[in-house]
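In: got a predicted model here, sequence first, then my questions.
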Amino acid sequence: MKKLLFLMFILAALVMVPEQADAQLFKKKDKAKKEKTKKSKKKKGDDQYQGFAPPKALTPEEQRAAMISPLRKFLNQFNLSLEKGYGFFSYQNAITGAAAVRNPSGNDLYLVPGNVSPGAGPVSVYRNWLTDLRQTEIARVDDDAEIVSGDASNLVYRNSGRLNPLTLRLSFSLRKVDKQHLKRSGERIMTDDELLRVGVGISTGKIKFKNDASTQDVSGRLGDYRLPLTKISTTKMFGSISVNTYQYGELSLLADVSAGVWKTRSQDVNQDFATYDPFINIGLIFEKRVSKYFKVYIRPSFELRTYTMADDAISVPHKFSIFTIDIGALIKYPVYPRNKYKAHRVQMEHVFNGKIYRGRSIFQRQNPRIGQHGLSRKEKVRIGGNTGN
């Protein structure tokens, strides 16, 4: 019996050992797996914390820039100018390579290419050398005709008049760097003050001669040249550069240079014979800033223009020295829009829904700190403001 019990104990022990071994083995595996998972979670968490960086704080300039439309900021660099000018000119018409002839019979004045002698004929002549250069033929030069060679006598016909141009100009502003901010923070930002403007423009106007005849002082018998036309319409296109040379408060002084091409109207001058030299205009701009987006100015300037009437036989230059005073206005596209919600229309520039708005029209000073400008007397009384009494 004892032997039987001993054998049964041995069998039970053999059966129980693998189960306990397996249980211990799985227990170790589970424990290792849990420790590995716990370690990986910890490591993953550490990576997350290591990879997290707090957002960089924005500077006041960066916060302000985020509230401004980039398109508006770009368009604000353009300037649209309209100028009305009042000018005077002196005119010179030098005769070279030809002789001026006055025939007593008929009192005709004309130009003859080269040299000519009394009694010569028939002769091809020019009666109009201001606006047309078509030749006509005369039968004979009178024996007592007054003949003056342009090359030998320095013959110049002179006149004067006025020119009232209307000019439209589009320019692009390059602004000055805020040196104090650059020195303080190392950040390069631009101020509202302009360094220079680069532009293009178009201008129209009429040359109006004061006298209907040009005069010369070489020969009294030769007399004056009666003009076939006293008003000539002109158009010019140009490029310009304006440099801000001095600024004091709201006043600025700019040196302005423009140059380009010009021509006369085809109904006034025969374009088959006319050639135009490029012109140059030098001026100063005395400018007053009314607001950030609106300026007025006076621009005195001096300009040289020349056109030449020529064919195969003769060349006649016409020179204009023009002094003009232009009165103009400049308008810019506003950086900040006008707040369309009336309840939030205040006079100062202000932030509303994450954007900056202006409180006044572009023709008024922006961001005023005090006052009730724009309110009627009744409104001032109603809100308890100053009535002006």
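Out: Structure's in. What do you need? Numbering: from 1, shown residues only.

In: please enumerate the strands of the stretch 1-150 of the chain.
Out: Counting by DSSP state E, counting those that start in this stretch, the stretch 1-150 of the chain has these strands, from start to end: 78-94, 98-103, 108-113, 123-125, 136-138, 146-149.

In: which stretch among those comes nearest residue 206?
Out: Nearest to residue 206, of all the strands of the stretch 1-150 of the chain, is strand 78-94, at 11.0 Å by Cβ to Cβ. (Each C-beta comes from the backbone N, C-alpha and C, glycine too.)

In: partners of the closest one in the sheet?
Out: Next to strand 78-94 in the sheet, as set by DSSP bridges, lie strand 156-163 (antiparallel), strand 166-177 (antiparallel), strand 315-332 (antiparallel).

In: check the ones you listed for me: which has the lowest mean pLDDT.
Out: The minimum mean pLDDT among these belongs to strand 166-177 (a mean of 90).

In: could you list the buried residues of the helix or strand where residue 286 lies?
Out: Assigned by DSSP states H and E, residue 286 falls within strand 279-291. By neighbour count on 16 or more other Cβ atoms under 10 Å, the buried set for strand 279-291 is 279, 281, 283, 284, 285, 287, 289, 291.

In: please name the bridge partners of the residue nearest to residue 169 when sequence neighbours are not counted.
Out: Closest residue to residue 169 apart from its sequence neighbours, by Cβ to Cβ, 6 or more residues apart in numbering: residue 201 at 3.5 Å. Taking DSSP bridges as the rule, residue 201 bridges to residue 169, residue 238.

In: surely residue 201 is in contact with residue 262?
Out: No: here residue 201 does not reach residue 262: they are 12.0 Å apart, not a contact under Cβ atoms under 8 Å.

In: find residues that contact each of those two.
Out: residue 237 (Cβ atoms under 8 Å, 6 or more residues apart in numbering).

In: any idea how far residue 247 is from the residue positioned nearest the centre of the chain?
Out: Nearest to the geometric centre of the chain sits residue 171, at 0.2 Å (Cα atoms, centre = their mean). Going from residue 171 to residue 247 by Cβ to Cβ, to the nearest Å gives 17 Å.

In: and residue 77, its phi and psi?
Out: phi -80, psi -10 (degrees, to the nearest 10).

In: burial count for the nearest residue to it once chain neighbours are set aside?
Out: Of all residues not flanking residue 77 in the chain, residue 173 sits nearest, at 5.0 Å (Cβ to Cβ, 6+ apart). Neighbours of residue 173 under the rule other Cβ atoms under 10 Å: 20.
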